[in-house]
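A.B. asks: one predicted model, sequence on top.
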Amino acid sequence: MNILLQSYINHENVSKFNPCSYAFVVEEGAFNFSKSYLRNFTEEMMPIVLDWAVGNNKTCRDSKRNLESYECGENSDCYESKNGRGYFCKCRIGYKGNPYLSDGCQGFASGALVVLVSSSWSYWIFKKRKLIILKEKFFSQNGGLMLKQQLSRLERSTQELIKIFNSEELKRATNNYDESRIVGRGGFGTVYKGILPENKIVAIKKSQMVGEN
């Protein structure tokens, strides 16, 4: 605006010998001046770029020293102007609105994020609970409860010689049931070579899905 106003004032002072009546601002490189425009100027649509900054030609660092004159509101960040001194404000990621108002940048993703996290947590708990129930069912169907009853009747010295492994321990012992560990196949499952933490080699049989009968 200052450039256009100054051009108009200069034109008034030289209007007697320079009757130019057009002044405009366009994007750099979008217009090349030619003498023909002095005789017959045709109006054309050209791109214009408006670049502005606040802060009375101060940098972000200078303006933050005096918060009373600092223009950026809450949840916004200050950026240096790329053309001359001054700065401009932008809402932070996750916020939108007017960054020049004290509370102009409002969060728009927090509510949806809470719902998403809550839903994911509930689904994970449901899946975890379902898996626990399924494991208990299989443990009972395969004689796990009967085994525990029999172990309870044995002497303590004998009980210490017997260990019930969980599924994660069996996976580690067989390297997640690696095919290179297979030592045999039968009608009811596959036998793997298992290596316990104390480097003791054992046979681990993984049952295959069969009818309940």
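C.D. replies: Cool, the structure landed. Here the structure is a predicted model, which is why all the values come from computation and not from measurement.
A.B. asks: nearest residue to residue 103 in space, please, no chain neighbours.
C.D. replies: Excluding its sequence neighbours, the residue lying closest to residue 103 (C-beta to C-beta, 6 or more residues apart in numbering) is residue 74, at 5.9 Å. C-beta coordinates here come from the backbone N, C-alpha and C atoms, glycine included.
A.B. asks: I'd say that neighbour and residue 105 touch.
C.D. replies: Yes. Using C-beta atoms under 8 Å, residue 74 is in contact with residue 105, at 6.5 Å.
A.B. asks: these two: which has the busier surroundings?
C.D. replies: A direct count of neighbours by other C-beta atoms under 10 Å for residue 74 and residue 105 places residue 105 higher, at 24 against 14.
A.B. asks: count the neighbours of residue 101 for me.
C.D. replies: Using other C-beta under 10 Å: residue 101 sits among 14 other residues.
A.B. asks: repeat that for residue 177.
C.D. replies: Residue 177: 15 neighbours (other C-beta under 10 Å).
A.B. asks: that older thread, residues contacting the residue nearest to residue 103?
C.D. replies: Counting by C-beta atoms under 8 Å, 6 or more residues apart in numbering, residue 74 makes contact with 102, 103, 105.
A.B. asks: SS state for residue 79?
C.D. replies: Assigned with DSSP: H, G, I helix; E, B strand; the rest coil, residue 79 falls in the strand class.
A.B. asks: cool, and residue 191?
C.D. replies: Relying on three-state DSSP, one would call residue 191 strand.
A.B. asks: so it makes contact with residue 184?
C.D. replies: Yes. Under the contact definition of C-beta under 8 Å, residue 191 touches residue 184, with a separation of 4.2 Å.
A.B. asks: average model confidence for the top helix by length along the chain?
C.D. replies: For the chain, the helix with the greatest residue count under DSSP state H is helix 110-141. Per-region confidence: helix 110-141 scores 80 on mean pLDDT.
A.B. asks: for residue 191 and residue 184, indicate the residue with more neighbours.
C.D. replies: Per other C-beta under 10 Å, whichever of residue 191 and residue 184 has more neighbours is residue 191, with 15 against 11.
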